[in-house]
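Engineer: quick one, structure for this:
(one chain, ligands or ions: 2)
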Amino acid sequence: MPANELASNFDHLSLTTDAIAKLHNEYHVIIDEFLPSDFANRLLHDAEALYTKGYFTQHYFQFGGSLLKKPNVYELDLSGPTTLNDSEMGAWGDVLSDVGPMFVRKMDDLDRSSVTTTAVETAGEGGTGQVRRLSLDIISPPAIKLQINSGGGSFPWHYDNQPGPPNKRSLTCVVYLNPKWSDGDGGEIVLWPFLDKQIIIPPLHRRAVLFYSDCMLHRVLPSNERRVCFTMWCNGTHMNTKNDVALSKDQLQFTSYDEAQAFFASRPLQRVISRAVHSEEYLGSLLECLVVTGEKKNNNQIPKEEEDQLVKQHESSVMGITAKLRPLIEEFRRRKVRVVCNT
Ligand SMILES: O=C(O)CCC(=O)C(=O)O
Ligand SMILES: [Fe+2]
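Structural biologist: Ligands and ions are numbered 1, 2, ... in the order given. Predicted coordinates:
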C-alpha cells in the first residue's frame, strides 16, 4: 500500500474526540476497527512470515535483580536496530514509517484540542487530578513492538511505565490481529483502574486498546491459542516528575480514605503502593506467567530456588511499602476486596 493511501486510510480511523475524552476521564479506551481490514490482514500475514523466518526472539523481563524468561511470548522490536530490509518488513515498514508517527501526531492534536473543552490539569501541577493531559512528545516516534504469544503465554500485573527516569512512556496503544479469536481462547488483556472493577478485554482482530502508560495496572491472561498483537508506546514530555514517583508527607494530608482513593486513582503515584495493595495478584500472576506449558510434566515449572527467590523479593518489597503506610494500605486492600466481591 503506498504511503499516501495508507495515510488517508489511517486518517479515517475512529480516533475521535469522544475516544480521547474517554481516555482522559477513564485512563483507557477501546477502539474497534482501528485498522482498515485489508491492511490488518496484510500485517498478520507479514508477521507470520517474519516469525517463520526466525526474526522473533524470546521475551525476557526484569524482576528485582533477575532477568526472567517469559515462556511462549516472542517479540520483534520494530523501532530498535534491525537487520531487516524493506521487503522483509512488508506492511510493518508502513507501520514504522507512517502509522506510528501519524498516530502520535493525531493523538497529540486531539489531546491539545481537548484542552478547550475540558478543565485540564497538566502532569505535575497539582490540582484536582480529574483530567490529565497526555502531553505527547511529537518529535520522538513511538517505540513499536510486534508480539506473538504461542499458546500459554501470559503477562503478570504491571505498569508500562515504572516509576523513575529514563522511562518516558505516556500512552500505550496495543493493536490485536486475531481474526479467529473466540470465547475460551484466552489471551484477554485485563485493565485494573485503581480500586475499581477489572476490565477484561478479548484481543479481537483490528481492536486497539489505549491507556495511560503510568497509571493503568494491567496483565494478559494465558492464551490457549496463538495470539498476535503490536504495541505502540508514545513518549510524553512531562513524565516521572518528582511528584509522580515519590510520596511526600505533604501529599499524604487526606481528610478521608475516599479522598485518598481519588488522589491515587488519578495519579502515577499509585505505582508506589500498587504492589502492596495488590500483593496476592502480583505474585500469583508473576508465577503463572513463568510456567512453561506443553512441556513434559515435572519440567514445566521454574526451579524451586528461583521461585523462592522471587517470592522473597516480592515479599520484601511489599513489606517495605506497608511498613511506611500500614493503615492506608490496609484500608485500600479492604476496598479492593469489596470491589472484587461486588463484580
Ligand atoms: O499482549 C498484550 O495484550 C499486552 C502486552 C503488555 O502488556 C506489554 O507488552 O507491556
Ligand atoms: Fe504492558
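Engineer: what about the helices in the stretch 151-300 of the chain?
Structural biologist: According to DSSP state H, counting those that start in this stretch, the stretch 151-300 of the chain carries its helices in the segments 242-245, 257-265, 270-277, 279-289.
Engineer: right, so these: which one is the most enclosed?
Structural biologist: Relative to the other members of those, helix 270-277 carries the highest mean neighbour count by mean count of other Cβ atoms under 10 Å, namely a mean of 22. (Glycine included, C-beta is placed from N, CA and C.)
Engineer: now the closest residue to residue 24 other than its chain neighbours: how far from ligand 1?
Structural biologist: Nearest residue to residue 24 in three dimensions, chain neighbours excluded: residue 131, at 4.9 Å (Cβ to Cβ, 6 or more residues apart in numbering). Computed with Cβ to the nearest ligand atom, to the nearest Å, the distance linking residue 131 and ligand 1 is 24 Å.
Engineer: correct me, but residue 131 touches residue 26?
Structural biologist: No - with contact defined as Cβ atoms under 8 Å, residue 131 does not reach residue 26; the gap is 10.7 Å.
Engineer: thinking again about what came up before, got the helices of the stretch 151-300 of the chain as CSV, with mean pLDDT and distance to residue 111 columns?
Structural biologist: Rendered in CSV, the data for the helices of the stretch 151-300 of the chain read as follows (pLDDT from 0 to 100; distance: least, Cβ to Cβ, whole Å):
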stretch, mean pLDDT, distance to residue 111
helix 242-245, 89, 18
helix 257-265, 96, 20
helix 270-277, 97, 21
helix 279-289, 94, 31
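Engineer: specify the beta-bridge partners of the single nearest residue of the stretch 101-250 of the chain relative to ligand 1.
Structural biologist: Closest approach of the stretch 101-250 of the chain to ligand 1 (Cβ to the nearest ligand atom) occurs at residue 189, with a separation of 4.0 Å. Beta-bridge partners recorded for residue 189 (DSSP bridges): residue 201, residue 220.
Engineer: tell me the contacts of it?
Structural biologist: Taking Cβ atoms under 8 Å, 6 or more residues apart in numbering as the contact definition, residue 189 lies against 174, 201, 203, 209, 218, 219, 220, 221.
Engineer: kindly recompute the last result at 7 Å.
Structural biologist: Contacts for residue 189 (Cβ atoms under 7 Å, 6 or more residues apart in numbering) come out as 174, 201, 203, 209, 218, 220.
Engineer: against residue 59, how distant is the first one?
Structural biologist: To residue 59, residue 174 is 14 Å away according to Cβ to Cβ, to the nearest Å.
Engineer: swap in the third one?
Structural biologist: For residue 203, the distance to residue 59 under the criterion Cβ to Cβ works out to 16 Å.
Engineer: was I right about residue 265 contacting residue 195?
Structural biologist: Yes - with contact defined as Cβ atoms under 7 Å, residue 265 counts as touching residue 195 (6.5 Å).
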